[in-house]
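Peer 1: the following comprises the amino acid sequence and a computationally predicted model.
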Amino acid sequence: MPLRLDSAQVDFEQLFAGLLGAKRESSKDVNDAVAAIIADVRARGDVAVAELTNRFDRTSLTPDTLAFGAEEIARAAAEVPDHVRAALQTAHDRIRVHHEKQKPEDHVYTDALGVTLGARWTAVDAVGIYVPGGLASYPSSVLMNAVPARVAGVGRIAMVVPTPDGAINPTVLAAAQIAGITEIYRIGGAQAVAALAYGTASIPRVDKITGPGNAFVATAKRQVFGQVGIDMIAGPSEVLVIADSSANPSWVAADLIAQAEHGAGAQSILVTTDARLADAVEREVDRQLSLLPKQQLARDGWEELGAIIIVASLDEAAGLANRIASEHVEIATDAPEELVPKIRHAGAIFLGHHTPEAIGDYVGGSNHVLPTARSARFASGLGVLDFMKRTSLLGCTPSALSALAEPAVTIAGVEDLDGHGRSISIRLNR
Ligand SMILES: NC(=O)c1ccc[n+]([C@@H]2O[C@H](COP(=O)([O-])OP(=O)(O)OC[C@H]3O[C@@H](n4cnc5c(N)ncnc54)[C@H](O)[C@@H]3O)[C@@H](O)[C@H]2O)c1
Ligand SMILES: N[C@H](CO)Cc1c[nH]c[nH+]1
Ligand SMILES: [Zn+2]
């Protein structure tokens, strides 16, 4: 049974420990396993990457066959039916247009003292994008990573994607082709993250790694942070639907199931002001799951990490949503815009009855790589800025330096850094 609570009973700490916390932490076992994998890849390079991939993904790779060849990519992409390619192209184009609007502007100004200040944005040189592929394949995630990287102007984009049992979904390669990605490796998990971070003979190291993945991927990204940049920890997917009596229980149920079908650790929560809707959604989830024979993952996910919470008001729903800080928040009410200002912690907000989260997964144009596991409290979804960095610019005229020297030398003095002070004052005594 999914968890069912009403607002009088919602003990956030308990909710956190059960629903939001324990099952989503990476365990000591995963941490240790990932540390061992990273150490192995650093020591033995491509040989370790091939061996580990063969073990976890049941492949038969050698150090020479880690990368997809150009003809292989072209051949696989050519197998993809025209309507699928057209759908990917639509998604690509919409994602590109939206992300173009995120490109930051450089700015420079000179203040009254004659100090020039500014900020200049430049792209990261080399990025590794992780496309998950263990339980399902995600051509859409290729686009969500690659498009903002290209809009940012990243020089080199290396993509990794696991190929369980040696099989690749050709649509993943078609998406890469549409996005202009040519460097692709058939590896996944912690060994792929380690190879991108530290480099091997056949996989040059990158500067930053982005993309979602399972607990092994997320833990590996945490462990290589510092050696390379990372975007965020985007782990198992989550949705929190806020609904009132205007919501359609079948639609809400379908949205909860859609998220649960992401499998292990995926989480679907309904927060509603209407007890009758809660009952109807619960029944409807069961009914829809019984009609979907392929939905074992969703069934398990709903049983394990599904929840229905009844609250007294939409304000209370917003407060709870902020504490949970879900990856996706759907507002299934007639006036979603009234609630939006009250939702401060969410990876993405979906407005109204006609905006299922899945439209954002694919073709809405916004990014679907979003902060999970409550990291929306401090992190944002993937975007162009993740592939860029800002360098500040500072310039003083002689008179500006004279005006600022005294306070600067004073602070250098209290820090006991005379060399700093002298490097300023030496310029004044001429
Ligand atoms: N937040 C997002 O934007 C987003 C998008 C798509 C998918 N996702 C999430 O990404 C995750 C994808 O997970 P996945 O498993 O399907 O694919 P994955 O590619 O993340 O992980 C598969 C890899 O995990 C490694 N692995 C598996 N078992 C292992 C073990 N016992 N020891 C060491 N390594 C092991 C293997 O190397 C395998 O290649 C899902 O949780 C899904 O919800 C999130
Ligand atoms: N809901 C996932 C995390 O935002 C993304 C996704 C890809 N394909 C389907 N769904
Ligand atoms: Zn999804």
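Peer 2: Now that the structure is in, tell me what you want to look at. Residues are numbered from 1 along each chain as shown. Ligands and ions are numbered 1, 2, ... in the order given.
Peer 1: in what helix or strand does residue 259 lie?
Peer 2: Assigned by DSSP states H and E, residue 259 belongs to helix 249-260.
Peer 1: quick one: the next helix-or-strand element following that helix near ligand 1?
Peer 2: Sequence-wise, the next helix or strand downstream of helix 249-260 (DSSP H and E) is strand 267-272. No. Counting by Cβ under 6 Å from any ligand atom, ligand 1 has no neighbours in strand 267-272; the shortest distance is 9.7 Å. C-betas here are computed from N, CA, C, even on glycine.
Peer 1: now strand 267-272 against helix 249-260, angle please.
Peer 2: With axes from the mean of the first three to the mean of the last three Cα atoms, to 10 degrees applied, the angle from strand 267-272 to helix 249-260 works out at 150 degrees.
Peer 1: list the buried residues for the helix or strand that comes right after strand 267-272?
Peer 2: Later in the chain than strand 267-272, the nearest helix or strand by DSSP H and E is helix 275-291. The neighbour-count check on helix 275-291 (16 or more other Cβ atoms under 10 Å) flags 277-278, 280-282, 284-285, 288-289 as buried.
Peer 1: what helices or strands is the helix holding residue 259 leaning on?
Peer 2: Counting contacts by 3 or more Cβ pairs under 8 Å, 6 or more residues apart in numbering; DSSP states H and E, helix 249-260 is packed against strand 238-243, strand 267-272, helix 275-291, helix 296-305, strand 328-332, helix 357-362.
Peer 1: tell me the helix or strand right after the last one.
Peer 2: Under the assignment DSSP H and E, the closest C-terminal helix or strand after helix 357-362 is strand 388-396.
Peer 1: now whichever helix or strand comes after that following strand: mean pLDDT?
Peer 2: Going down the chain from strand 388-396, the next helix or strand is helix 398-414, by DSSP H and E. Averaging the model's pLDDT scores along helix 398-414 yields 97.
Peer 1: from residue 380, how far out is the residue nearest to residue 351 when sequence neighbours are not counted?
Peer 2: With Cβ to Cβ, 6 or more residues apart in numbering as the criterion, residue 351 has its nearest non-adjacent residue at 4.2 Å, and that residue is residue 336. From residue 336 over to residue 380 the distance is 20 Å, taken as Cβ to Cβ, to the nearest Å.
Peer 1: what do you get for residue 267?
Peer 2: For residue 267 relative to residue 380 (Cβ to Cβ), the value is 20 Å.
Peer 1: neighbour count: those two, which is higher?
Peer 2: It is residue 267, of residue 267 and residue 380, that has more neighbours when counted by other Cβ atoms under 10 Å, with 28 against 16.
Peer 1: partner residues bridging that one?
Peer 2: With DSSP bridges as the criterion, residue 267 is bridged to residue 238.
Peer 1: show me the residues around it that make contact.
Peer 2: Applying Cβ atoms under 8 Å, 6 or more residues apart in numbering, we find residue 267 in contact with 19-20, 24, 236-239, 259-260, 301, 305-307, 326.
Peer 1: quick one: least confident of these?
Peer 2: Within the contacts of residue 267, residue 24 has the lowest pLDDT, namely 58.
Peer 1: kindly identify which of the contacts of residue 267 also come near ligand 1.
Peer 2: Of these, the ones that also sit near ligand 1 (Cβ under 6 Å from any ligand atom) are 236-237.
Peer 1: which residues of the stretch 201-350 of the chain lie near ligand 2?
Peer 2: Selection of the stretch 201-350 of the chain residues close to ligand 2 by Cβ under 6 Å from any ligand atom yields residue 237.
Peer 1: go again using 8 Å as the cut-off
Peer 2: 212, 234, 237, 258-259, 262, 327-328, 347-348 (Cβ under 8 Å from any ligand atom).
Peer 1: quick one: which of the residues you listed is nearest residue 4?
Peer 2: residue 259 (17.6 Å; Cβ to Cβ).
Peer 1: leaving out the residues flanking it, which one is nearest to that closest one?
Peer 2: Residue 259 sits nearest to residue 239 (Cβ to Cβ, 6+ apart), 4.0 Å away.
Peer 1: contact partners for the one you found?
Peer 2: By Cβ under 8 Å, 6+ apart, the neighbours of residue 239 are 255-256, 258-259, 267-269, 326-330, 357.
Peer 1: quick check: the residue nearest to residue 369 when sequence neighbours are not counted vs ligand 2, distance?
Peer 2: Excluding the flanking residues, the one nearest residue 369 by Cβ to Cβ, 6+ apart is residue 382, at 3.8 Å. Distance from residue 382 to ligand 2, counting by Cβ to the nearest ligand atom, to the nearest Å: 10 Å.
Peer 1: could I get the phi/psi values of residue 382?
Peer 2: phi -60, psi 140 (degrees, to the nearest 10).
Peer 1: wait, doesn't it sit right on residue 145?
Peer 2: Yes. Between residue 382 and residue 145 there is a contact under Cβ atoms under 8 Å: 6.8 Å.
Peer 1: which residue does the stretch 51-200 of the chain have closest to ligand 1?
Peer 2: At 2.1 Å from ligand 1, residue 189 is the closest residue in the stretch 51-200 of the chain, using Cβ to the nearest ligand atom.
Peer 1: check what pLDDT the residue nearest in space to the middle of the chain gets.
Peer 2: Nearest to the mean C-alpha position of the chain, counting by Cα atoms, centre = their mean, stands residue 369 at 3.4 Å. We have a pLDDT of 95 for residue 369.
Peer 1: so what's residue 216 up against?
Peer 2: Counting by Cβ under 8 Å, 6+ apart, residue 216 has contacts 30, 33-34, 37, 189-190.
Peer 1: that concludes my questions; thank you for your assistance.
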